[in-house]
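Student: when you get a sec, could you give me coordinates for this:
(one chain, ligands or ions: 1)
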Amino acid sequence: MTDSAAGNRIDTEASDGAIVAIRGGVVDVAFGAPVPRIHALVHAGDVAMEVASLVGDGVVRCIALGSVRGLGLGLPVAAKGGGIEVPVGEAVLGRMLNVFGAPIDGRAPPDAVAYRPIHRPPPPLSDRVLRAEVLETGIKAIDLLSPIERGGKTGLFGGAGVGKTVLLSELIHNTVEHHRGVSLFCGIGERSREAEELWREMGAAGVRDKMVMLFGQMNEAPGVRFLIGNTALTMAEFFRDDRGQDVLLLIDNIFRFVQAGSEVSGLLGRMPSRVGYQPTLATELAALQERISSTQRGSITSIQAVYVPADDFTDPAAAQIFSHLSASVVLSRKRASEGLYPAVDPLASASVMLTPAVVGQRHYDIARAVRRTLAEYEELRDIIAMLGIEELSAHDRAVVARARRLERFLTQPFFTVTASAGTSGKLVPISETLDGCERILGQTTFELPESAYYMIGALSDLEAAT
Ligand SMILES: Nc1ncnc2c1ncn2[C@@H]1O[C@H](COP(=O)(O)OP(=O)(O)OP(=O)(O)O)[C@@H](O)[C@H]1O
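Tutor: Numbering: from 1, shown residues only. Got it, this is the predicted structure:
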């Protein structure tokens, strides 16, 4: 009954019980001795359940990991001993799997040599490392204003439909191919259709072989959506710790993990806390986020899409998630509505990498100048709306001309939206992004109209074309 060094292995003995209550996805089971412990896996027929709390007198409260239809009071429940264990190793690469590590791609189960429990402690603080190295994405707005930390955690924040999934797909497109190690995609609580599309895209891009895709989508039980992140981390940790590799972990959408936790909490009858969230929000999120860390042996770089309910960035879930990240790319509805994609908000997005020591003095200065120009333009907008641009001083008019060109220069055609937009994607090295911004910042008059800067790659492409 002890936690083994290999993780939180649940060494309970086998035991039999019977269902005494069913409420939605929560099932109470009375066991004789020994009583299974928290996180133990039990089965009522085909329905797998995880023990979530101990009620007392041999009764445990379980969260169903599938439909509870067909379950009834008195039905026998078997605990084989142990919790959920998933396959780890090279065998999972190229596969699409569920929370149990079972195939959902129509092929045979992965031929894995080892299985590991999904609940595991994070690496000790003394093992964690920070490298202060930037992961270049080829996306101008991100590389310039919110550089992604290699081995760190980046969040893509935004309300409904502002382009989180599109941006995440583009990041996958731009980074997975050149990534040295393996990549894991973890879909939590999003549409199943998106999962299938991504699976096909990855196949077409020829990167499936070094990628694992895990899904607990919106049609699945809250328990599944709550645990799928742990399944992903268990597989990622194998590549990091046993193979010493660099792992790229992409999560769409981490907000759905918090939401699933809140559903589970409600089912367990716990009193909600702020804005109806579970009182355990911070600890649940930390337990998962702390496992996403880089150690002496290998790294995990994670990029997490974060749904922001009702565009409210003060939402407790969004705020908690924010506190775990080293870079946050904020997508704005205003920009999306103007067609300025990717709709990165230059003033709200930030990264701990954006310091002269990491990105260099020039990059830092250009990023600050771009922000300052766009902030000045924001302030002038009201005056322009009321009095017209003619009323501005020559200096202010030049600021507006620069800002509007910068805004457009920071848009970019994406590879992953080629079919719908009719343009082809562009990858822009950071040096070109810096050159382009520097040139625009240094000018007071422009020959080309603003529209010429819209949806282009590097500035040199534009000049070559004219
Ligand atoms: N970079 C882009 N270029 C062109 N169009 C885009 C871009 N990003 C987003 N869009 C448009 O916005 C739509 C919504 O994007 P997306 O599905 O990524 O939003 P989301 O934030 O993930 O939404 P949800 O929260 O509903 O999942 C896309 O279908 C597309 O039409």
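
Student: for the ligand, what are the nearby residues on this protein?
Tutor: With C-beta under 6 Å from any ligand atom as the criterion, the chain comes near the ligand at residues 158, 160-166, 307, 341-342, 414, 417, 421. Quick note: C-beta positions are derived from backbone N, CA and C, even for glycine.

Student: I figured V68 hits A21, correct?
Tutor: No: V68 lies out of contact with A21 (C-beta atoms under 8 Å); the separation is 11.4 Å.

Student: quick one: distance of stretch 151-162 to the chain centre.
Tutor: Remark: stretch 151-162 is offset 7 Å from the chain centroid, using C-alpha atoms, centre = their mean, to the nearest Å.

Student: quick one: average pLDDT of that stretch?
Tutor: Averaging pLDDT along stretch 151-162 yields 94.

Student: can you select the buried ones among the residues of the chain next to the ligand for me in PyMOL?
Tutor: Applying 16 or more other C-beta atoms under 10 Å to the residues of the chain next to the ligand, the buried members can be selected in PyMOL as follows:
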select buried, resi 158+162+163+164+165+166+307+341+342+414+417
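
Student: okay, the residues of the chain next to the ligand in CSV with secondary structure next?
Tutor: Converted to CSV, these look like this (DSSP: H, G, I helix; E, B strand; the rest coil):
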residue, secondary structure
G158, strand
A160, coil
G161, coil
V162, coil
G163, coil
K164, helix
T165, helix
V166, helix
Y307, strand
Y341, coil
P342, coil
F414, coil
V417, helix
A421, helix
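
Student: quick check, nearest of the residues of the chain next to the ligand to G58?
Tutor: Nearest to G58 out of the residues of the chain next to the ligand is Y307 (C-beta to C-beta; 40.3 Å).

Student: pretty sure that closest one is in contact with T165, am I right?
Tutor: No: using C-beta under 8 Å, Y307 is not in contact with T165, being 10.0 Å away.

Student: for the residue nearest to E407 when sequence neighbours are not counted, give me its contacts.
Tutor: Leaving aside its chain neighbours, E407 sits nearest to L340 (6.1 Å; criterion: C-beta to C-beta, 6 or more residues apart in numbering). Contacts of L340 were listed using C-beta atoms under 8 Å, 6 or more residues apart in numbering, and they are 407-408, 410-411.

Student: may I ask which of the residues you listed has the most neighbours?
Tutor: With neighbours taken as other C-beta atoms under 10 Å, the top of these is L410, carrying 25 neighbours.

Student: next, count neighbours for the closest residue in space to that one that isn't next to it in sequence.
Tutor: Spatial nearest neighbour of L410, chain neighbours left out: A141 (4.5 Å); criterion: C-beta to C-beta, 6+ apart. Residues lying near A141 (other C-beta under 10 Å) number 27.

Student: next up, phi/psi of V134, please.
Tutor: Backbone torsions of V134, given as degrees, to the nearest 10, read phi -90, psi 140.

Student: who's it bridged to?
Tutor: E149 (DSSP bridges).

Student: that's a strand at V60, yeah?
Tutor: Yes: the assignment for V60, made by three-state DSSP, places it in a strand.

Student: element containing the closest residue to it other than its chain neighbours?
Tutor: Residue nearest to V60 in three dimensions, not counting chain neighbours: V51, with 4.8 Å by C-beta to C-beta, 6+ apart. V51 is part of strand 47-56 when elements are defined by DSSP states H and E.

Student: for that strand, the distance to its chain's centre please.
Tutor: Distance, centroid of strand 47-56 to centroid of chain: 28 Å (C-alpha atoms, centre = their mean).

Student: could you do stretch 152-164 as well?
Tutor: That offset, for stretch 152-164, works out to 8 Å (C-alpha atoms, centre = their mean).

Student: what's the longest helix in the protein?
Tutor: Ranked by residue count and defined by DSSP state H, the top helix of the chain is helix 361-387.

Student: pull out the buried residues from that one.
Tutor: By 16+ other C-beta under 10 Å, the buried positions in helix 361-387 come out as 363, 366-367, 369-371, 373-374, 376-377, 380, 384.

Student: show me where the stretch 201-350 of the chain has its strands.
Tutor: Counting by DSSP state E, counting those that start in this stretch, the stretch 201-350 of the chain has strands at residues 211-216, 246-252, 299-307, 327-330, 350-351.

Student: output those strands as CSV; include the columns distance to T280 and mean pLDDT.
Tutor: Shown next, in CSV, are the strands of the stretch 201-350 of the chain (distance: least, C-beta to C-beta, whole Å; pLDDT from 0 to 100):
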stretch, distance to T280, mean pLDDT
strand 211-216, 19, 94
strand 246-252, 20, 93
strand 299-307, 19, 94
strand 327-330, 24, 96
strand 350-351, 28, 95
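
Student: generate a markdown table for the ones you listed, with distance to G266 as supplementary columns.
Tutor: As requested, the strands of the stretch 201-350 of the chain are arranged in a markdown table below (distance: least, C-beta to C-beta, whole Å):
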| stretch | distance to G266 |
| --- | --- |
| strand 211-216 | 18 |
| strand 246-252 | 23 |
| strand 299-307 | 19 |
| strand 327-330 | 28 |
| strand 350-351 | 34 |
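
Student: domain parsing for the protein?
Tutor: For the chain, the structural domains run 16-83, 86-351, 361-465, going by the TED database.

Student: what's the average pLDDT for the longest helix of the chain?
Tutor: Mean pLDDT, helix 361-387: 94.

Student: other SSEs contacting it?
Tutor: helix 140-145, helix 394-409, helix 430-441 (3 or more C-beta pairs under 8 Å, 6 or more residues apart in numbering; DSSP states H and E).

Student: and with 10 Å instead?
Tutor: Counting contacts by 3 or more C-beta pairs under 10 Å, 6 or more residues apart in numbering; DSSP states H and E, helix 361-387 packs against helix 140-145, helix 356-359, helix 394-409, helix 430-441.

Student: quick one: mean pLDDT over the last one.
Tutor: Mean pLDDT, taken over the full extent of helix 430-441, equals 96.

Student: quick one: it to helix 394-409, angle?
Tutor: In terms of direction (axes from the mean of the first three to the mean of the last three C-alpha atoms, to 10 degrees), helix 430-441 departs from helix 394-409 by 150 degrees.

Student: which residue is nearest the middle of the chain?
Tutor: Compute the mean C-alpha point of the chain, and by C-alpha atoms, centre = their mean the closest residue is Q304, 1.6 Å away.
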